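Participant: the amino acid sequence is not available; the structure is as follows:
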């Protein structure tokens, strides 16, 4: 299939980051997931660790830039998710480039069973793949990317905000898992333990050492809430996950913590963004109330052969 776009694959994050630098920097909110994941992977490899070796995926992970007729990079994608069905994640991509990517992966025998990222490109990639394998496309989850350029921090509840320490790692890991299960429940989906980010104690410790996981501690020392605020990539920090166990909800903890972390990020000169599940009206309302505004709708599409 002829396309006016050229696809260039990479098997390591740093050469990809070098090639994609202009497109990631030109729209760093849209590129936030690809940039932050790739930079974390590059840091991991520099430290002599390769967590992909433990994933057991039936293909080698890859990164991709899309070049237009002049050779300029106009989009980027990656297939690095360490959990089934190992979905791709893509920035906005022209339909013909998405169709070309589906064809290339199909030709090399790599089954693409999940496509995540900006619409409509991620949907075109999924539908083109389904046509090639004779399958159907299911929208697994509709998400929305938001950005706050200013923030209204609500009054602080009783307690204090502190960074998670290595002593908190087991709790943070269990709450990461609960967050994904409850997100499914709240959105009316069947909770799927196998989907969502595949976190391990090692991956949680990496995040804690980066200083990006925050806890809310009640006056009696009980930990009642978790929020993440990622290291900035191209000047953008992304909030998430945000999790309050049921027994501590309704006290305004999540609203305050997300508002305060957003305020600190903006004061430090970072752009602040987060994702919501479109099927969860509560979180969408909370973040809109803090000052977050929608940037782009995304979706996770599954291809069922």
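Facilitator: Yes, it's here. Predicted, not measured: the structure shown is a model, and the values here were computed from it.
Participant: which stretches of the stretch 201-305 of the chain form helices?
Facilitator: Taking DSSP state H, counting those that start in this stretch, the helices of the stretch 201-305 of the chain run over residues 201-210, 253-267, 281-290.
Participant: closest to residue 13 out of the ones you listed?
Facilitator: Residue 13 sits nearest to helix 201-210 of all these, at 14.8 Å, using CB to CB. Any C-beta I mention is one placed from the backbone N, CA and C, and that applies to glycine too.
Participant: residues in contact with the closest one?
Facilitator: 40, 44, 51, 163-166, 168-170, 172-173, 176, 213, 228, 231 (CB atoms under 8 Å, 6 or more residues apart in numbering).
Participant: out of these, grab the one that's most surrounded.
Facilitator: Counting neighbours by other CB atoms under 10 Å, residue 172 leads those with 25 neighbours.
Participant: if I pick it, what's in contact with it?
Facilitator: 164, 204, 207, 208, 213, 215, 226.
Participant: any buried residues in stretch 152-162, and which?
Facilitator: With burial defined by 16 or more other CB atoms under 10 Å, the residues of stretch 152-162 counted as buried are 153, 157, 159, 161.
Participant: average pLDDT across it?
Facilitator: Averaging pLDDT along stretch 152-162 yields 97.
Participant: about what we covered before: which of the buried residues of stretch 152-162 sit farthest apart?
Facilitator: Comparing every pair within the buried residues of stretch 152-162 by CB to CB identifies 153 and 159 as the most remote, at 15.0 Å.
Participant: just to revisit the earlier point, in strands, which of the contacts of helix 201-210 appear?
Facilitator: Among the contacts of helix 201-210, the ones falling in strands (DSSP state E) are 163, 213, 228.
Participant: between these, which is closest to residue 111?
Facilitator: residue 228 (31.3 Å).
Participant: just confirm the closest one contacts residue 213, I think it does.
Facilitator: Yes. Between residue 228 and residue 213 a contact is recorded at 5.4 Å, counting by CB atoms under 8 Å.
Participant: circling back to that earlier point, need the helices of the stretch 201-305 of the chain in JSON lines with distance to residue 124, mean neighbour count and mean pLDDT, can you?
Facilitator: JSON lines is the format used below for the helices of the stretch 201-305 of the chain (distance: least, CB to CB, whole Å; neighbours: other CB atoms under 10 Å; pLDDT from 0 to 100):
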{"stretch": "helix 201-210", "distance to residue 124": "31", "mean neighbour count": "16", "mean pLDDT": "93"}
{"stretch": "helix 253-267", "distance to residue 124": "33", "mean neighbour count": "21", "mean pLDDT": "98"}
{"stretch": "helix 281-290", "distance to residue 124": "26", "mean neighbour count": "16", "mean pLDDT": "94"}
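Participant: nearest to residue 74, of these?
Facilitator: Across those, closest to residue 74 is helix 253-267 (CB to CB), at 28.5 Å.
Participant: now the lowest-mean-pLDDT helix or strand in the chain, how far from the centre of its chain.
Facilitator: Across the helices and strands of the chain, mean pLDDT, DSSP states H and E gives its lowest value to helix 169-186, namely a mean of 85. From the chain centre to the centre of helix 169-186 is a distance of 15 Å (CA atoms, centre = their mean, to the nearest Å).
Participant: just the buried positions in it, please.
Facilitator: For helix 169-186, the neighbour count (16+ other CB under 10 Å) marks 169, 172, 173, 175, 176, 177, 179, 180, 182, 183, 184 as buried.
Participant: quick check, nearest of the residues you listed to residue 89?
Facilitator: Among the buried residues of helix 169-186, and counting by CB to CB, the member closest to residue 89 is residue 180, at 16.6 Å.
Participant: so what's residue 134 up against?
Facilitator: Taking CB under 8 Å, 6+ apart as the test, what residue 134 contacts is residue 305.
Participant: and the helices in the stretch 51-200 of the chain?
Facilitator: Using DSSP H, counting those that start in this stretch, the helices found in the stretch 51-200 of the chain span residues 95-107, 121-133, 169-186.
Participant: which stretch among the helices of the stretch 201-305 of the chain comes nearest residue 78?
Facilitator: Smallest distance to residue 78 across the helices of the stretch 201-305 of the chain (CB to CB): 16.9 Å, for helix 201-210.
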